[in-house]
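Asker: What shape does this take:
(4 chains)
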2 protein chains.
Amino acid sequence: MTNSPSSAIGLGLLLPFQIAQLHSALNAQAKVIVSRYGDLNLAQWRIVRVVALGIENTTTPVRKATGIDKSQFSKMLSALEEKGYVVLHPYDDDKRQHVIELTKKAYAAHDRLGPVLDARQKHLVAGLTEEEQAVIYKAIRVMAEAAEKTDFDVPIPNLEEE
Amino acid sequence: MTNSPSSAIGLGLLLPFQIAQLHSALNAQAKVIVSRYGDLNLAQWRIVRVVALGIENTTTPVRKATGIDKSQFSKMLSALEEKGYVVLHPYDDDKRQHVIELTKKAYAAHDRLGPVLDARQKHLVAGLTEEEQAVIYKAIRVMAEAAEKTDFDVPIPNLEEE
DNA sequence: TCAATAAGGTGGAAAAGTCAACGTTCTTGT
DNA sequence: ACAAGAACGTTGACTTTTCCACCTTATTGA
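Answerer: Prediction:
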């Protein structure tokens, strides 16, 4: 699109890069939208969302569902509590964890932002057919799995170091 | 990498979120690979790569091609210069910019890493057909474009605030 | 020619994210 | 029952990334 790189690489070899670009763009977009509707950042919003949708409501499962590192999760949760979005209760089944309860403020934020982000989602895939969307989901799954491997022992001729 | 990559993927959650997860996984993978072959980080590697492929060789176009924020780009370029990967020359057509010249060290790094990342790329899409790959590229393009929009004025039914 | 505005790059500050050590709680095996 | 080991969340140090204000160079328009 901008300028087609020299054949060999072609467009083919730039996939991770393009995904990084796409992610960056999506992230920026989400950030603008979310910040316009409140004082939550993206990570905080995701936590609220997972709980609001009733997917999970205790710390570890929520953390896993949102894919946030446990250190940051702890910090974001504290921030949410401070800002009055959540109340943390002890969890009897596992006293290391907490039960996350959303406040009215959180639900209000969710009610406001949810539709906007739904509209955004629709907008994002508006130019794609159902079949194409299905392909994307498959591709994400496949690539995420393939991203596990890190040892690509290319037949390297004894490389001279510099 | 810290958080299990595949766990949250495939839960049927929203697309941007899954892309973020995928990006995170790909990023971690690339990080490991790149760091194993030298002292460049991802951003630095991309700069080297764009120049090595002859796509661009002056600052602004390289910056745009790599999609790196201009502040970080400046820092990464300084780091590359310090580490002896590039030499910066004044650019007469626009004295605000620089011409980026790669050193032998940079070319050597490129020669070593290029094949490995090519192998990685092949591995990533190994589970996808040609058609599916084509869909992905289209999807990325479509979504990246759609990510520009940030005003989703949803017809908000005047929701009662609390 | 000269001011006004835009674009590029730099550097400091803030935010986000990562990492490792620690205390508590849970689980497992004996 | 109890010790050993694992899982969880928290904290503080640290790194990376992002944001913003500033200075320089280009461009535009009068």
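
Asker: if we look at the helix or strand A:Val116 falls within, which residues are touching it?
Answerer: Using DSSP states H and E, A:Val116 maps to helix A:104-124. Contact with helix A:104-124 is made by A:26, A:29-30, A:33-34, A:37-38, A:40, A:45, A:48-49, A:51-52, A:80, A:84-86, A:102, B:14-16, B:143, B:146-147, B:149, B:152, B:154, B:156, B:159, B:161-162, as judged by Cβ atoms under 8 Å, 6 or more residues apart in numbering or on different chains. Glycine gets a C-beta too; all of them are placed from N, C-alpha and C.

Asker: any idea how far that helix is from the chain center?
Answerer: 15 Å (Cα atoms, centre = their mean, to the nearest Å).

Asker: Write a ChimeraX command that selects only the buried members of the contacts of helix A:104-124.
Answerer: Those of the contacts of helix A:104-124 that count as buried under 16 or more other Cβ atoms under 10 Å in any protein chain shown are selected in ChimeraX with:
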select /A:26,29,30,33,34,38,40,45,48,49,51,52,80,85,86,102 /B:14,15,16,143,146,147,152
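
Asker: Could you give the average pLDDT over the next helix or strand after the helix holding A:Val116?
Answerer: Downstream of helix A:104-124, the next assigned helix or strand under DSSP H and E is helix A:130-146. Averaged over helix A:130-146, pLDDT sits at 91.

Asker: Just the contacts of helix A:104-124: which are in strands?
Answerer: The strands, defined by DSSP state E, take in A:86, A:102 from the contacts of helix A:104-124.

Asker: Now stretch A:131-143: buried residues?
Answerer: By neighbour count with 16+ other Cβ under 10 Å, stretch A:131-143 contains the buried residues A:132, A:135-136, A:139-143.

Asker: close to chain B, is it?
Answerer: Yes. For stretch A:131-143 and chain B, the contact criterion (Cβ under 8 Å from any Cβ of the partner chain) is met by A:132-133, A:135-143.

Asker: tell me, which of those residues make contact with DNA strand D?
Answerer: Near DNA strand D, taking Cβ under 7 Å from any atom of the strand as the test, no member of the residues of stretch A:131-143 next to chain B is found.

Asker: Now flag whichever of the residues you listed is closest to B:Val62.
Answerer: For these, the minimum distance to B:Val62 (Cβ to Cβ) is 26.6 Å, reached by A:Met143.

Asker: Please verify my assumption that that closest one contacts B:Leu22.
Answerer: Yes. If you go by Cβ atoms under 8 Å, A:Met143 and B:Leu22 touch, sitting 6.0 Å apart.

Asker: Write out the residues of chain A neighbouring DNA strand D.
Answerer: Near DNA strand D, when you scan chain A using Cβ under 7 Å from any atom of the strand, you find A:24, A:27-28, A:31, A:58-60, A:63, A:70-71, A:73-75, A:77-78, A:88, A:94, A:96-98.

Asker: Could you tell me which of those residues are located in helices?
Answerer: Counting by DSSP state H, the residues of chain A next to DNA strand D place A:24, A:27-28, A:31, A:59-60, A:63, A:70-71, A:73-75, A:77-78 in helices.

Asker: And these, which is closest to DNA strand C?
Answerer: Taking Cβ to the nearest atom of the strand as the measure, DNA strand C lies nearest A:Ser71 of these, at 2.9 Å.

Asker: What separation do you get for that closest one and A:Val62?
Answerer: Distance from A:Ser71 to A:Val62, counting by Cβ to Cβ, to the nearest Å: 15 Å.

Asker: neighbour count winner among these two?
Answerer: Shown here are A:Ser71 and A:Val62; by other Cβ atoms under 10 Å in any protein chain shown, A:Val62 has more neighbours (23 against 9).

Asker: For that one, give me its contacts.
Answerer: Residues in contact with A:Val62 (Cβ under 8 Å, 6+ apart) are A:47, A:50-51, A:55-56, A:73, A:100.

Asker: among those, which two are most distant?
Answerer: A:Ile55 and A:Phe73 (15.2 Å).

Asker: When those two are compared, which one has more neighbours?
Answerer: Set side by side, A:Ile55 and A:Phe73 show more neighbours around A:Phe73, with 20 against 14, by other Cβ under 10 Å.

Asker: Just give the nearest non-adjacent residue to A:Ala146, would you?
Answerer: Distances taken as Cβ to Cβ, 6 or more residues apart in numbering or on different chains put B:Leu124 closest to A:Ala146, at 4.7 Å, once the chain neighbours are dropped.
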